[in-house]
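Peer 1: what would the 3D arrangement of this be:
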Amino acid sequence: DGMARCRGRKGCWMSMSGKWTMSEVEVKIEDESFEEGGMRRAHRMWEIDADGTRSPWVAKFYKTKEAKEVYYEDAKLNMIAQSYADDFNKLANIREKIAFVPSYVLELSNGRVCTAEPVMCGEYVKHNDNYGSVTTSLKAPQAFSHFTFESSGRELLICDIQGVGNYFTDPQIHSKDGKGYGLGNCGMKGINKFIETHTCNEICRALKLGSLNRKLTSHSASSRQSSSTVFAERLARSERDVACSRDEEIARRLHRQLNL
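Peer 2: Reported below is the predicted structural model:
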């Protein structure tokens, strides 16, 4: 039927303990991808419960062979982005709150590794990319990227904002030192590409975000924190906010969109 059925180990980041938890899972994954980006291919996947109930997910595989640690780092990106989204939602005067869908790592019994996330039902839109392009006129995604830069002390910038409605996925994080945060981290080059094309809107102004009128160097960001320090603080904040409960609720809402 064009689908491979196999067992695997599901790795979920537990923000309360700061550790990965592994559990056994059975899945079916379509052989052919239904969509692909610059680096990964997306396949339809179903989790199969003990009673035979199937839940729809999307499995994402890199086009090139990558170490499984890369997938684990990718799965954390949505969680880090969500911690910034929590702050943004509290401070920004916007009607529709933004959210990043939860993601986990799946180590399959056939040796392959992928990330998995809930199905997003609706029109998929990319609002900006990881190299400065702005592809829609919506204000919240652009203001959110700017907000992450200022909120991190100009150490990090979250971009490549894309998804369905106000549910986003596959963000990219550029760090001042260019270290960590997956294969798409372009460091200061990526940050400056965003600065070159960003025009502040009323959300930026309402949040009193700093002006982005000149390029930065690796020594000119205002904060002395290292990217690893910012990362650790974001993980700690996620623990206080009990992110795992929030992620489960986001997944339930997305599945209800499919009338499951």
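
Peer 1: from residue 113, how far out is residue 69?
Peer 2: Residue 69 is 10 Å from residue 113, where distance means Cβ to Cβ, to the nearest Å. For every residue, glycine as well, the C-beta is placed using N, CA and C.

Peer 1: repeat for residue 200
Peer 2: In terms of Cβ to Cβ, residue 200 sits 40 Å off from residue 113.

Peer 1: and the two? Which one has more around it.
Peer 2: Set residue 200 next to residue 113 and count neighbours by other Cβ atoms under 10 Å: residue 113 wins out with 21 against 17.

Peer 1: quick one, helices of the stretch 151-260 of the chain?
Peer 2: For the stretch 151-260 of the chain, the helices defined by DSSP state H, counting those that start in this stretch cover 187-197, 202-206, 227-240, 243-257.

Peer 1: residue closest to the middle of the chain?
Peer 2: What sits nearest the mean C-alpha location of the chain, by Cα atoms, centre = their mean, is residue 78, with 2.8 Å.

Peer 1: what residues sit buried inside stretch 75-92?
Peer 2: Neighbour counts over stretch 75-92 (16 or more other Cβ atoms under 10 Å) mark 75-86, 88-89, 92 as buried.

Peer 1: again, but for stretch 163-182
Peer 2: Residues of stretch 163-182 classed as buried: 163-164, 166-176, 178, 181-182 (neighbour count, 16+ other Cβ under 10 Å).

Peer 1: just the buried residues of stretch 75-92 now: which is nearest residue 135?
Peer 2: Proximity of these to residue 135, judged by Cβ to Cβ, is greatest for residue 81, which lies at 18.1 Å.

Peer 1: Three-state assignment for that closest one, please.
Peer 2: helix (DSSP: H, G, I helix; E, B strand; the rest coil).

Peer 1: against residue 20, how distant is it?
Peer 2: 18 Å.

Peer 1: for residue 163, list the residues it contacts.
Peer 2: 100-101, 120, 124-125, 169-170 (Cβ atoms under 8 Å, 6 or more residues apart in numbering).

Peer 1: what secondary structure does the residue nearest to the centre of the chain sit in?
Peer 2: Residue 78 is classified as helix under three-state DSSP.

Peer 1: that one: what's it in contact with?
Peer 2: By Cβ under 8 Å, 6+ apart, the contact list for residue 78 reads 100-103, 117, 169-171.

Peer 1: okay, and the beta partners of residue 55?
Peer 2: residue 47 (DSSP bridges).

Peer 1: just checking, it touches residue 49?
Peer 2: Yes: applying Cβ atoms under 8 Å, one finds residue 55 in contact with residue 49, separated by 7.4 Å.

Peer 1: the more surrounded of those two?
Peer 2: Taking neighbours as other Cβ under 10 Å, residue 55 and residue 49 compare with residue 55 leading, 16 against 10.

Peer 1: now do that one, the pLDDT please.
Peer 2: Per-residue pLDDT puts residue 55 at 94.

Peer 1: ok, then the element right after the helix or strand containing residue 70?
Peer 2: In this structure, residue 70 sits in helix 68-91 according to DSSP states H and E. Note on helix 68-91: by DSSP H and E, the next helix or strand toward the C-terminus is strand 99-100.

Peer 1: give me the sheet partners of that next one and which way each runs.
Peer 2: Next to strand 99-100 in the sheet, as set by DSSP bridges, lie strand 167-169 (parallel).

Peer 1: residues in contact with the strand it pairs with?
Peer 2: 78, 81, 85, 98-101, 103, 117, 120, 141, 161-163, 250, 254.

Peer 1: swap in stretch 128-142?
Peer 2: Here stretch 128-142 makes contact (Cβ under 8 Å, 6+ apart) with 92, 94, 96, 98, 125-127, 145, 159-161, 166, 168, 172, 174, 184, 186, 190, 193-194, 196-199, 201-204.

Peer 1: can you check stretch 112-121 too?
Peer 2: In this structure, residues lying in contact with stretch 112-121 by Cβ under 8 Å, 6+ apart are 10, 43, 45, 56-61, 68, 71, 74-75, 78, 101-108, 163-164, 167, 169, 250-251, 254-255, 257-258.
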